[in-house]
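Enquirer: Here's a sequence, model it:
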Amino acid sequence: MSEDMKNELERLRAENEALKSKKQDRGQLSMRVSEKGAVSIYGMGRFPVTLYKEQWLKLLSITGEIKKFIEDNDSKLKTKE
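Expert: The predicted structure follows:
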């Protein structure tokens, strides 16, 4: 195996380890501005939750109602593990 191939293999192994350790951060939420100017929340599932500013503000304005709905329907709701 050539020296270049060995170096590339080592680089890929290091990159793979970095990606594996990054996956352990699941559950930790992060935010980004999407290409289209929306707010994306990462860390809740496989895909980000993305809404435009006015949609987030509308949703945040009813947080109390959402919490009450979850409490009232707790027996019907499942928990993702």
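
Enquirer: before we move on, which element is residue 40 in?
Expert: Element membership of residue 40, judged by DSSP states H and E, is strand 39-42.

Enquirer: What residues sit buried inside the next helix or strand along the chain from that strand?
Expert: Once the chain leaves strand 39-42, the next helix or strand it forms, by DSSP H and E, is strand 49-51. Within strand 49-51, the residues that count as buried by 16 or more other CB atoms under 10 Å are residue 50. For every residue, glycine as well, the C-beta is placed using N, CA and C.

Enquirer: so what secondary structure elements neighbour strand 49-51?
Expert: With contacts taken as 3 or more CB pairs under 8 Å, 6 or more residues apart in numbering; DSSP states H and E, strand 49-51 sits against strand 39-42.

Enquirer: who's in contact with the strand it packs on?
Expert: Strand 39-42 is touched from outside by 29-34, 48-53, 56, with contacts defined as CB atoms under 8 Å, 6 or more residues apart in numbering.

Enquirer: what about that strand, distance to the chain center?
Expert: With CA atoms, centre = their mean, to the nearest Å as the basis, strand 39-42 stands 7 Å off its chain's centre.

Enquirer: How far does stretch 15-34 sit from its chain's centre?
Expert: On the basis of CA atoms, centre = their mean, stretch 15-34 is displaced by 8 Å from the centre of the chain it belongs to.

Enquirer: Kind regards, and thank you for your time.
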